[in-house]
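>>> Dropping a prediction and its sequence here:
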Amino acid sequence: MSVSRTHLSRAVLAGGAAVAGVLLLAPAASAHVGVQPLGEAAKGGYATVNVKVPNERDNASTVKVELNFPTDHPLASVMPQPIPGWKVEVTKSKLAKPLELHGKQINEAVSKVTWTADGSKIGPGQFQQFPLSLGQLPEDTDQLVLKAIQTYDNNEVVRWIEEPKDGAPEPESPAPVLKLSAASDDHHGGAAATSGDKSSDKAGDKAGHDEKAGGHEEAAGSTDSAARVLGVVGILVGLAGIAFGVLAGRRRSA
């Protein structure tokens, strides 16, 4: 009987270690600030994106997020969607070389957008999406690197500023990257023929879908959590079966 108990204890301990490994490793893959386009982000066009900010700490909440835009590929139009409980500030800087947009010369572009908690925060185990309408997207690059700075209420600052390199391991603190797809004829024609007011309307219409898109993403996150729980339950049931088999075999041999 003592031998059977020993085997059973070892099986339970092994199962506990396996379950702990599943719970610890499962959420680590996506725990960094990222940017996700809603639909197509084509060169020369306009796009609405979500800046996704997860909270990585168990004992602190995120209270400030800064997103910096590249100066080598400036964007004349960056419009944030209001988020309840957050103040937003758009910072512009003068351009060394003016941009031509819809027949007008643009001498300054958005260099930074800052969200500061104002009655809200991103608590442990939570994430927040910050929608932005961007345009006109550059035509001479395949991506935009948008460096981010995340501040917690314990004064800890995390800098998501390391640019990922093709073929290299992901950096410890990767910067958010917006991938740009090939320009289509529709985007070129629309950018040339549309006035500034119509472009703003188009961006506003796209921003109207942000809340719905965020709901879909939260639903997907719930599905992932349910899958993890089911996986853990399956592991426990399997281990219980193994332990029972070992115990039964020992009893028959005894």
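Structure's in. What do you need?

>>> Point out where the stretch 1-150 of the chain drops to low pLDDT.
Within the stretch 1-150 of the chain, the ranges that satisfy pLDDT under 70 run 1-30, 101-102.

>>> could you pull out the strands for it?
34-37, 47-54, 62-68, 77-80, 86-101, 104-117, 127-135, 143-145, 148-152 (DSSP state E, counting those that start in this stretch).

>>> Quick one: closest of those strands to Asp166.
Shortest separation from Asp166 across those is recorded for strand 143-145, at 10.5 Å, computed as C-beta to C-beta. For every residue, glycine as well, the C-beta is placed using N, CA and C.

>>> Which one, of the strands of the stretch 1-150 of the chain, ends up nearest to Pro174?
Closest among the strands of the stretch 1-150 of the chain, using C-beta to C-beta: strand 34-37, at 8.5 Å.

>>> Could you list the residues in contact with that closest one?
Ala47, Thr48, Val49, Asn50, Val51, Lys52, Leu146, Pro176, Val177, Leu178, Lys179 (C-beta atoms under 8 Å, 6 or more residues apart in numbering).

>>> got the phi/psi numbers for the last one?
Phi and psi for Lys179, reported as degrees, to the nearest 10, are phi -80, psi 140.

>>> ok, how many other residues are close to it?
Neighbour count for Lys179, taken as other C-beta atoms under 10 Å: 11.

>>> Just give me the neighbour total for the closest residue to it other than its chain neighbours.
Nearest non-adjacent residue to Lys179, counting by C-beta to C-beta, 6 or more residues apart in numbering: Gln143, 5.2 Å away. Per other C-beta under 10 Å, the neighbour tally for Gln143 reads 15.

>>> picking up where we left off before, could you turn the buried ones of the contacts of strand 34-37 into a PyMOL selection?
Of those, the buried ones go into a single PyMOL selection, burial set by 16 or more other C-beta atoms under 10 Å:
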select buried, resi 47+48+49+50+51+52+146+176+178
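
>>> tell me the two of the contacts of strand 34-37 that are most distant?
Farthest pair in the contacts of strand 34-37, by C-beta to C-beta: Thr48 and Val177, 16.8 Å.

>>> one step back: just send the strands of the stretch 1-150 of the chain back as JSON lines, with distance to Pro169 too.
JSON lines is the format used below for the strands of the stretch 1-150 of the chain (distance: least, C-beta to C-beta, whole Å):
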{"stretch": "strand 34-37", "distance to Pro169": "17"}
{"stretch": "strand 47-54", "distance to Pro169": "20"}
{"stretch": "strand 62-68", "distance to Pro169": "24"}
{"stretch": "strand 77-80", "distance to Pro169": "31"}
{"stretch": "strand 86-101", "distance to Pro169": "33"}
{"stretch": "strand 104-117", "distance to Pro169": "28"}
{"stretch": "strand 127-135", "distance to Pro169": "24"}
{"stretch": "strand 143-145", "distance to Pro169": "17"}
{"stretch": "strand 148-152", "distance to Pro169": "20"}
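
>>> Of all these, which one comes closest to Glu170?
strand 34-37 (11.6 Å).
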